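Colleague: got a structure for you, letters missing:
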Ligand code: URA
Ligand code: SF4
């Protein structure tokens, strides 16, 4: 007979196969008009077995070109913020966005686009089964948790829902516009928020 650990391994292998299947379907998606102008569908990047899932807003130009999430300037800032607390985004996280195709001129995704796209994200989260979800920016918080409070009010506070702990943080583009490293400024605050994520990870 199989041991429990073998069952767990097989289940995790099945989830990886399902995730690849989900990606295959997602990259063919034409459910909304963002499909017309995209170069690539940006499904995600990182470790599909990670305990941390990061949700951003939408792909930008670099992401659209490369088909990978958070690989432009904002992505570099995101990576740096996580690394400053000892988290490697490619090894310790899986990263995706609310919508998988780039909105023209990097505008915010429309409600109809979010409604069409969110099932891909829900599928990813179900299969990756993270313990912690980091919501980067207000679009992620509003679209995924239906919480409309300003990000400056809710960042850094855990939200518990359905056995998952959610941590809202500033979007890395906001940190690019506010580059001061001073204590109390957005970059410093983000580091404090991510220290909480790191601590939570150690306790799992
Ligand atoms: N901004 C986002 O929200 N996501 C990306 O993938 C890139 C920039
Ligand atoms: Fe499909 Fe989402 Fe792309 Fe719209 S943004 S075409 S719903 S993958």
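Modeller: Received the coordinates, thanks. The structure displayed is predicted, hence computed values, not measured ones. Numbers count the residues shown, from 1 in each chain. Ligands and ions are numbered 1, 2, ... in the order given.
Colleague: how about the nearest residue to residue 46, chain neighbours excluded?
Modeller: Excluding the flanking residues, the one nearest residue 46 by C-beta to C-beta, 6 or more residues apart in numbering is residue 94, at 4.2 Å. From N, CA and C alone the C-beta is placed, and that goes for glycine too.
Colleague: hmm, the helix or strand harbouring the one you found in reach of ligand 1?
Modeller: Here residue 94 sits within strand 93-97, counting by DSSP states H and E. Yes. Contact check for strand 93-97 against ligand 1, using C-beta under 6 Å from any ligand atom: residues in range are residue 97.
Colleague: Which elements pack onto that strand?
Modeller: Packed against strand 93-97 by the contact rule (3 or more C-beta pairs under 8 Å, 6 or more residues apart in numbering; DSSP states H and E) you find strand 45-46, strand 52-56, helix 111-128.
Colleague: got the angle for that strand vs strand 52-56?
Modeller: In terms of direction (axes from the mean of the first three to the mean of the last three C-alpha atoms, to 10 degrees), strand 93-97 departs from strand 52-56 by 20 degrees.
Colleague: Show me what the longest helix along the chain is packed up against.
Modeller: Ranked by residue count under DSSP state H, the longest helix found in the chain is helix 4-26. For helix 4-26, the contact count by 3+ C-beta pairs under 8 Å, 6+ apart identifies helix 111-128 as packing neighbours.
Colleague: Now the helix it packs on: buried residues?
Modeller: Neighbour-count burial for helix 111-128, with 16 or more other C-beta atoms under 10 Å as criterion, is recorded at 113, 114, 116, 117, 120, 121, 123, 124, 125, 127, 128.
Colleague: Over to stretch 128-147?
Modeller: Judged by neighbour count using 16+ other C-beta under 10 Å, the buried positions of stretch 128-147 are 128-130, 132-145, 147.
Colleague: again with stretch 45-58
Modeller: Of all the residues in stretch 45-58, those buried under the rule 16+ other C-beta under 10 Å are 45-48, 50-58.
Colleague: List the contacts of residue 66.
Modeller: The contact partners of residue 66, by C-beta atoms under 8 Å, 6 or more residues apart in numbering, come to residue 40.
Colleague: do the same with residue 142
Modeller: residue 148.
Colleague: cool, residue 193 as well?
Modeller: Under the criterion of C-beta under 8 Å, 6+ apart, the contact list for residue 193 reads 155, 156, 167, 169.
Colleague: from the chain's centre, how far out does the lowest-mean-pLDDT helix or strand in the chain sit?
Modeller: With mean pLDDT, DSSP states H and E as the measure, the helix or strand of the chain carrying the lowest mean pLDDT is helix 4-26 (a mean of 91). Helix 4-26 has its C-alpha centroid displaced from the chain centroid by 19 Å (C-alpha atoms, centre = their mean, to the nearest Å).
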